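In: Provided below for reference: sequence and predicted model.
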Amino acid sequence: MADTFSISEEHGLAAIPENSKLIYSVGVSTAGAAELRMADGHPERHIIATTIDEAGVQHVTERVQASGNSGQLEIKLEDVGKPLPYPENHFDYIYARLVLHYLPKQDLPAAVAELKRVLKPGGKLFVVVRSDKTPDAVRDTSTFDPATGLTDYIDPYTHKVPVHKKRMFHSQGGISQFLSDAGFAIERATSYEERLFGDFNRTIQAEHFDNLVEVLAVKPVA
Ligand SMILES: C[S@@+](CC[C@H](N)C(=O)[O-])C[C@H]1O[C@@H](n2cnc3c(N)ncnc32)[C@H](O)[C@@H]1O
């Protein structure tokens with residue numbers, strides 16, 4: 001049985017401010033593990049969790065229903081690369097672990113600006129992306145597209161068969177700059193290694209450690 005502990009998930013949960021009532025999680029997966037923990041023991045919190053993956057929505061919805069926490073968690077089909085259907089200054093906290101790296105560099109500024117728009121002043125945005133230090137950035141099969149910033153690569157390890165993937169691998173300074181350019185203040189930025197999972201239920205853990213960049217950003221109070 002794989003160890004399901006995740007350093008970046010622990011950091012993202014620990015960063016939730018004490019008085020948060022409305023939390024937005026973009027790119028939910030791993031069976032809603034983090035989101036169920038956000039709700040657990042915090043009846044005052046409401047969590048909206050989204051993904052563009054229909055199977056993910058269904059899977060997480062079933063998990064949430066089975067947990068008995070449906071009243072606190074809303075799972076929605078939504079694209080973080082598109083305008084978001086929420087008013088300004090709506091959420092207390094935004095959790096974006098391993099999702100913004102799917103966006104090409106030309107779509108990221110608008111997406112980050114939308115996240116800032118829907119976050120309350122003083123609210124925090126937690127971001128984790130794959131780092132440009134990852135071996136996946138420089139495999140023989142990896143090709144970098146300068147027009148999009150995306151790298152096309154074959155992941156030979158995480159799944160039972162090699163899987164074709166596409167990500168924007170970020171430097172710590174690079175992703176921090178995207179957030180600063182959108183008007184966020186950077187509370188902390190750090191890079192570290194973590195073993196990731198290849199499936200929703202965290203049963204397939206990569207044999208190797210991966211390189212991640214984590215940034216905690218704050219929407220300034222005007
Ligand atoms: C690697 S999983 C990580 C998810 C989760 N935040 C976690 O920490 O385990 C990425 C998820 O983001 C979703 N995703 C990819 N592109 C997206 C987009 N543009 N908008 C919303 N979700 C997206 C994928 O379908 C998948 O469910």
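Out: Arrived safely, thanks for sending. Numbering: from 1, shown residues only.
In: can we go C-alpha only for contacts and neighbour counts from here?
Out: Will do.
In: flag the shaky bits of this protein, pLDDT-wise.
Out: For the chain, the stretches with pLDDT under 70 are 1-3, 157-160.
In: hmm, try it at 80
Out: Residue ranges of the chain with pLDDT under 80: 1-4, 29-31, 155-163, 198-208, 222.
In: get me the contact residues on it for the ligand.
Out: 26-30, 51-53, 56, 78-81, 96-99, 102 (Cα under 6 Å from any ligand atom).
In: show me which of these are buried.
Out: Neighbour-count burial (16 or more other Cα atoms under 10 Å) applied to these gives 26-30, 51-53, 56, 78, 80-81, 96-99, 102.
In: coming back round to it: now intersect the residues of the chain next to the ligand with the helices, please.
Out: Applying DSSP state H to the residues of the chain next to the ligand, the entries found in helices are residue 56.
In: report how many residues lie close to residue 87.
Out: If you count neighbours by other Cα atoms under 10 Å, residue 87 ends up with 10.
In: let's verify it: helix, strand, or coil?
Out: coil (DSSP: H, G, I helix; E, B strand; the rest coil).
In: need the contact list for it.
Out: Neighbouring residues of residue 87 by Cα atoms under 8 Å, 6 or more residues apart in numbering: 117, 118.
In: now it: how far from residue 12?
Out: Relative to residue 12, residue 87 is positioned 24 Å away (Cα to Cα, to the nearest Å).
In: same check, this time on residue 110
Out: When distance is defined by Cα to Cα, residue 110 is 23 Å away from residue 12.
In: check residue 25 too.
Out: As judged by Cα to Cα, residue 25 and residue 12 stand 10 Å apart.
In: any common contacting residues for these two?
Out: residue 95.
In: higher neighbour count, residue 110 and residue 12?
Out: Counting neighbours by other Cα under 10 Å for residue 110 and for residue 12 shows that residue 12 has the greater number, 23 against 17.
In: who's the closest residue to that one other than its chain neighbours bridged to?
Out: Computed as Cα to Cα, 6 or more residues apart in numbering, the closest residue to residue 12 that is not its neighbour in sequence is residue 126, at 6.2 Å. Residue 126 has the following beta-bridge partners by DSSP bridges: residue 95, residue 216.
In: and residue 126, how many residues sit next to it?
Out: Residues near residue 126, counting by other Cα under 10 Å: 22.
In: thanks a lot, see you next time.
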